[in-house]
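> what follows is a predicted structure for the sequence shown.
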Amino acid sequence: MSADKKLIRRIADLSNIHIDDDELEGFAGDMDAIIGYMEQIKNIDTGDAKPMEHVLPVHNVFRDDIPEDSFEREKLIENAPSAEDGCFKVPAVVEQ
Amino acid sequence: MEYEVIIGLEIHSELKTDSKLFCSCKNDFGGEPNTRCCPVCLGLPGTLPVLNRHALELAVRAGLAMNCKISGFSKFDRKNYFYPDMPKAYQTTQYNLPVCYDGYVEIEVDGITKRIGIERIHLEEDAGKLIHDAYGSGSLVDYNRCGVPLIEIVTRPEMNSAEEARALFETIKSILEYTGVSDCKMQEGSLRADVNLSVRPKGQKQFGTRTEMKNLNSIRAVYRASQAEAQRQIEILERGGIVYQETRRWDDRKGESMAMRNKEESMDYRYFPEPDLLPVIIGEEWVASVEKNMPELPRSRRDRYVNEFGIPKYDADLITMNKKLSDIFDRAVAVCGKPKLASNFIMTDIMRRINENGEEILDANLTGDNFGQVLLFLDRGDITHAAAIKVIDKIVETGEEPKHIIDGLELWVQRDEDLINNAVTSVLEANRPALDDFLAGKDKAFGFLMGQVMSKLKGKCDPAQVREVLMKEIDKSAGRQN
Amino acid sequence: MSICNKTIKETAALLRSRKIGAVELAREYLKEIEEKNPSVNAYVTVCHEKAVKAAEEAQKLLDSGEEISLLCGIPMGVKDNICTKGINTTCASRMLENYKPPYSATVYERLEKEGAVLLGKLNMDEFAMGGSSEHTVFGPVRNPWNTECVAGGSSGGSAASVAANMTTFSLGSDTGGSVRQPASFCGVVGLKPTYGRVSRYGLIAFASSLDQIGPLTRDIYDCAIVMNAISGYDSRDSTSVNIPCDDYLQDIDAGVENLKIGLPSEFFDTAMDDDVREKVLSAVQRLEERGAVIKEVSLPSVSYSVPAYYLISSSEASSNLARYDGIRYGYRSEKAENISQLYKLSRSEGFGREVKRRILTGTYALSSGYHDELYIKALKVRRLIADDFNRAFENFDLIAAPVYPVTAFRIGERAGDPLKMYLGDIFTVSANLAGIPALSVPCGLDKKGLPVGLQLMGKPFSEKLLLRAGLVVEQETGRLSIPCEIQEHI
């Protein structure tokens, strides 16, 4: 396979990243090399190896259901590029 | 042509935990925007989730209550998608190894019991909420609800009518309430359902194209949306049209649904195992301990009412469908020892009040204890039935002690024989024609006389006692006449 | 001569004997930073006032006569992907250029509690993606040994600041070699602990299943001191392991006699600079002379570690970095007119090119149609690699290898060829995939006068043994310090 521009557009869309037309060529070139290389993994015979999702042989890590005071709202909102009435503000979202 | 309707439900229920699923923020409805948040549920860079054990146990409890198998090995996954109410841009959920799978619940429609399969129950986190700002210049995001634990219950597509869908939703709601898994406050969105529905000509093997209706948050909406969607699809097929696979939004006010922008094809959630959470292993012992602590389920409670108390099944069904009512009933029976009296009173007088004023009357002042005491007084003949109703109304209103209310309103039954005798005598004297009618065989006239006496006594005497005295006096006058 | 070239151990002794005060020490370092940072570019934030204040507090502790940590009053630098409450934490990205986290990472809290003094935040490859610290919104970090060369990455600032005496020690993070490789390029000690040994809470995630915070220090002894402070269970990180920690200083000088050390043939068959090969093998020989038993070992699957690593790390990164949307924090495009543009433009303008490449790679690997044959396949290869190590550790105590095929290269030399950069990670990524600890210890200079590092890997939680062996290498090859004539030019 090769990373053509159409594929890059689709992946960029899924990643929510805008790519300018004049950047597209460059990205497609990079991605073609990178993905082309990564794809060699398809040819490896992994037999019946199970996917390794965690390296730690640990399970059942829990916390108790004990509520604590929440964080100061001002501190949470401080970094927001736009805020109003204690809320984070975004351009109007029309329900899909 | 005849059509077969096929319905499956996906039910989301918020869990009744004290804290959120992955952080220690309070799990509480409402509050000023973004005041039940912390760096973890806001997904600030560098923060990590830690699983709430109780949330997991509630999910297991729900599974056991719905006859599910419990996964020995379960894990969490990330469902990746962008939306402003999702601060991490992924929802932590369970993809291929849910906590519970392969169960069933039994529903009853028109006296027929039917088993509906539960495909899976998985644990996941809720999202925040978008509010439209006052000036229309944008939307505001409140993350208070973000990270609240949810279970998603996925049924098999085994319901064939809106009635069945409604019955299933009601049954699951009552199971969740009974088991303490959720408080199912639908007006707060803590229980909501998606309806997946398709139709096919009767006899056809292949399924029709299904649509999905999202976020129905009342029993009525599930029923009406199912009915309308079945109708809509049938009409399309009748016209020779095509049903599209799409997500639709139900407008409960208009009673119709509309297609949402169809993004099915481009939705690619890119699920993968959540690296920040380790797997969950639920051994037999753990399952057994959850089972041991399982509260009584509605079905078994109903059977107990029927078998032990001799209450009609219809009544038992109605009482157990509502957990709060059933809890009040149970406690009241324990207090007064008269299950039939209690169920009769509920079926007539309490039900009427629920129908008139809504379920809220069960929330506040009416308890099994005060209801039981009222029944006790009623049973002993200390108050009349009419008085009992007055007392209940007053309890709902003020929460006062029954005895206190009865004292205040002077509702105690008068046992003073002289008082009754005098009333009877004067009524008989004043209503000679009615007495004659009765003696002439017109039984109805007795009721009239009885009413007159009771009214004279302002309803404060035991009707049985009054009846007895009245009969005696009538007999006497009959004797005199003969 | 400045006081700023001393180790933690030496400095702690000076503080205790009142030869220097903590405030004076902090000021000395701040001066050093002021002088050298324009040419090294290791720091992106310098905490002048906070550092002095912290030093004053540390001095009080020192004066109190109570038993205090060796780190009390010791200056440190922290990689800029580790959250420091109220202090800019940028990941060297435009995306987080002005981000001040409202909470601190567990590691930073622990060090603060011991009295270590934060001098500032250190430059890095954006979101820790890279091996040269050139992909940064603040401009490349320069290697103090030769400022024409890269410092390595992604913890380039962490390594360069220690090497250039701009801090006593620093913290970095290692996802595929990001502590070890810059440590090797700058001639300092760097350790990637066992996955789960050091809390990740507050480390801004790149690839959650691989990331681990580690110390960069002037010598092995210092590395043990810092490890004693930062390792251990943290209830806020589900993947932090709840087993007791070793005292990493105990028996640190027990030597390597009879330790079995394996040399993976797959690594030594790989192309690398002759100088690197020679220095690494000569360090191994020294270990042998000190009593270690050296043998070849085979790790057949490590040859596939680079594609497996990039598929897994990019997949996780594509999800971890999805939260940067310009809503709650971070960069927001001013051009955005609707919600869709808010996402697309903010992310496009806020992320650098390498970060975008990784996100695209990861999104691709997880997307339907490729998920099983790329992402899941990579997880299977990861299992094979971990199994290889498990098997090897049945017969060996340690595995020795190079850290990187070359020494520090020139700035800009490899920037245009991302794939070539990726291939350089061949020796380091397998430790992350297997979750095992790995140490980089300097073992000499190449012909250009640039440092070479030896990598030692061990079983999970064998950090103590790694440090013991590392100390022997250090004793045999000598600590590296930048010659005065170069120091003066920085």
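Okay, I see it. Numbering: from 1, shown residues only, chains lettered A, B, ... in the order given.

> may I have the phi/psi pair for the most centrally placed residue in chain A?
Residue closest to the average C-alpha location in chain A (C-alpha atoms, centre = their mean): residue A:15, at 6.6 Å. Phi and psi for residue A:15, reported as degrees, to the nearest 10, are phi -90, psi 0.

> against residue B:308, how distant is it?
Distance of residue A:15 to residue B:308, computed by C-beta to C-beta, to the nearest Å: 63 Å. Every residue, glycine included, has its C-beta placed from N, CA and C.

> please apply the same query to residue C:189.
Counting by C-beta to C-beta, the gap from residue C:189 to residue B:308 is 76 Å.

> looking at these two, which one has more neighbours?
residue C:189 (34 against 10; other C-beta atoms under 10 Å in any protein chain shown).

> quick revisit: what's near enough to touch the residue nearest to the centre of chain A?
The contact partners of residue A:15, by C-beta atoms under 8 Å, 6 or more residues apart in numbering or on different chains, come to C:318, C:322, C:347, C:359-360, C:363.

> how does it look with 6 Å?
Neighbouring residues of residue A:15 by C-beta atoms under 6 Å, 6 or more residues apart in numbering or on different chains: C:359, C:363.

> again with residue C:404
Residue C:404 is in contact with C:181, C:184, C:424, counting by C-beta under 6 Å, 6+ apart.

> name the nearest residue to it, sequence neighbours excluded.
Residue nearest to residue C:404 in three dimensions, not counting chain neighbours: residue C:181, with 5.1 Å by C-beta to C-beta, 6 or more residues apart in numbering or on different chains.

> and the helix or strand the one you found falls within, average pLDDT?
Per DSSP states H and E: residue C:181 is located in helix C:180-186. Helix C:180-186 shows a mean pLDDT of 98.

> what residues does chain C put near chain B?
Within reach of chain B by C-beta under 6 Å from any C-beta of the partner chain, chain C has these residues: C:83, C:103, C:201-204, C:208-209, C:237-238, C:316, C:319, C:322-323, C:327, C:343, C:366-368.

> got the end-to-end distance for stretch C:398-408?
26 Å (C-alpha to C-alpha, to the nearest Å).

> just the pLDDT for residue B:381.
The model's pLDDT for residue B:381 equals 83.

> what is the burial count for it?
For residue B:381, using other C-beta under 10 Å, the count is 14.

> one more: residue C:9?
Residue C:9 has 17 nearby residues by other C-beta under 10 Å.

> let's verify it: helix, strand, or coil?
helix (DSSP: H, G, I helix; E, B strand; the rest coil).

> for residue B:415, see how far away it is.
Using C-beta to C-beta, one gets 97 Å for the distance from residue C:9 to residue B:415.

> whichever residue of the stretch 1-150 of chain C sits closest to chain A in helix, strand or coil?
Chain A sits closest to residue C:102 of the stretch 1-150 of chain C, with a gap of 4.2 Å, by C-beta to the nearest C-beta. Under the three-state scheme (three-state DSSP), residue C:102 adopts coil.

> list the contacts for it?
When contacts are counted by C-beta under 6 Å, 6+ apart, residue C:102 touches residue A:75.

> from residue C:324, how far out is it?
Per C-beta to C-beta, residue C:102 is found 17 Å from residue C:324.

> then residue B:9?
With C-beta to C-beta as the criterion, residue B:9 and residue C:324 are 36 Å apart.

> again with residue C:144
Residue C:144 is 32 Å from residue C:324, where distance means C-beta to C-beta.

> follow-up on the earlier one: report the buried members of the contacts of residue C:404.
For the contacts of residue C:404, a burial check counting by 16 or more other C-beta atoms under 10 Å in any protein chain shown picks out C:181, C:184, C:424.
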